[in-house]
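**Student:** Here is a sequence together with a model predicted from it:
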Amino acid sequence: MKPELHLTERAGSSGWRDPAPAAPAGPSRNFWAGLIAAVTVACLAMLLSAGQLRPRESGAYRVSVPLDFKPFDPERWAIMNSESYADALKIDPSLPDPRSIDYADATALPPVDPAALRDEAFVGPPAKPYVFRGASATDRERAHYCLTAAVYYEAGSETDAGMRGVAQTVLNRVRHPSFPNSVCGVVFQGSQRAGVCQFTFACDGAMARAPNRAGWLRASRIASAALGGAVFPGVGLATHYHTTAIWPRWGQSLVMTNIVGAHIFHRWRGRWGMPDAFRVPYLGREPVPGPYLAVADQLAARALGTAPTALLPAGSGSTAAPLPDVAPAPLPSAMAQGDRAIGTPVPGAKPAPAQPTYADPRLNRSGEVRDEFQNSGEWIR
């Protein structure tokens, strides 16, 4: 009889069982679970120490602050709408004084002009207002005459803006340490020698012809305003200028500020061209107005194309002769200012010498005078 094998099955189980799997290499599952739990506890501890999480306890972390919020405070509103600090001080005497921190009332300032801001960005800072007061009546008269002559002979055919630009440049030089500290000294600087003056009209014979009365009066008005403190910001702190027809070599070493009329204006580079450099006070002492080389000698030197030594003042040589002293002396009768009309002779003054006629062959149709200029060179009546 053959033996029989009986297999008994239970519900949900099999009589055949797989062998138990081998344990995997590395940390066990319990190890990873413990590590995660430790990290979680550490993070919670850090949050609690930093105050991010607080236990919900009563009393220890609860603070009540009474609030008395007013959406409309009549007193504060009245202070903010006060017309002046004095009015606000009547409402609240404890207000701080705004002048203690050098704060000006912004409502009293004029509105900012965008065009003026653009001009200042291009031209540079303007000159500071300064009144040029002569030490005596003679000094004031001399300063006015010299500035008027510069404005007339340099920009007599231009608009008021062109004249004001020339006047501002002259006065900028007066206050700069690089130039003489007087109006006449600046205008006639270098006129002791023909052809080397700072302003061409002072040594090229241009003053041989008497000025036009209307043009001279207009230049006189502009010179008077400039000496009285009027500033022309259109040229900034310019100390040099030249006509638009030329470009001298020295123009490359300066900063162009603007073009006004027929002139291009320049200022110094660096700090020498900033407002702090124009600090020399005006002492009010004016030398005798130039030109310091006779006009007849200027014309002779111009005809020869050079400045002969015989025409130079004594002691000039390679060094310019010093300016005359400031002893009182009458102005030329054709330019006399003050209460006298232009052309009225100064009492006691010597008659002006007759100016020679000349014709420069280098000029086109030299010697021919147009009808409207037939009377040029004569004293104005």
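**Tutor:** Looks like it came in fine.
**Student:** which SS class is Thr257?
**Tutor:** Following DSSP: H, G, I helix; E, B strand; the rest coil, Thr257 is assigned to strand.
**Student:** how close does it sit to Arg269?
**Tutor:** 12 Å (C-beta to C-beta, to the nearest Å). Bear in mind the C-beta positions are built from the backbone N, C-alpha and C, glycine included.
**Student:** The two: which has the busier surroundings?
**Tutor:** For Thr257 and Arg269, the more surrounded residue by other C-beta atoms under 10 Å is Thr257, and the numbers stand at 27 against 11.
**Student:** gap between that one and Cys43?
**Tutor:** In terms of C-beta to C-beta, Thr257 sits 68 Å off from Cys43.
**Student:** same deal with Pro180?
**Tutor:** 83 Å.
**Student:** More neighbours: those two, which one.
**Tutor:** More crowded of Pro180 and Cys43, by other C-beta under 10 Å: Pro180, with 18 against 10.
**Student:** So that one belongs to a strand, correct?
**Tutor:** No: according to three-state DSSP, the state of Pro180 is coil, so it is not within a strand.
**Student:** doesn't Val170 make contact with it?
**Tutor:** No: the criterion here is C-beta atoms under 8 Å, and Pro180 misses it with Val170 at 10.7 Å.
**Student:** Mutual contacts of those two, please.
**Tutor:** By C-beta atoms under 8 Å, 6 or more residues apart in numbering, Pro180 and Val170 have these common neighbours: Val186.
**Student:** Tell me how many other residues crowd Cys146.
**Tutor:** Neighbours of Cys146 using other C-beta under 10 Å come to 27.
**Student:** correction: Val255
**Tutor:** 17.
**Student:** for the stretch 101-250 of the chain, which spans come out with low pLDDT?
**Tutor:** For the stretch 101-250 of the chain, the stretches flagged by pLDDT under 70 are 101-109.
**Student:** what about 90?
**Tutor:** In the predicted model, the stretch 101-250 of the chain carries pLDDT under 90 at residues 101-122, 124, 193-197, 204-205, 208-211, 244-250.
**Student:** All the helices of it, residue numbers only.
**Tutor:** 114-123, 137-155, 160-174, 183-187, 213-227 (DSSP state H, counting those that start in this stretch).
**Student:** which strands and helices sit next to the last one?
**Tutor:** Applying 3 or more C-beta pairs under 8 Å, 6 or more residues apart in numbering; DSSP states H and E, one finds that helix 213-227 contacts helix 137-155, helix 160-174.
**Student:** swap in the fourth one?
**Tutor:** Packed against helix 183-187, as judged by 3+ C-beta pairs under 8 Å, 6+ apart, are the following elements: helix 137-155, helix 160-174.
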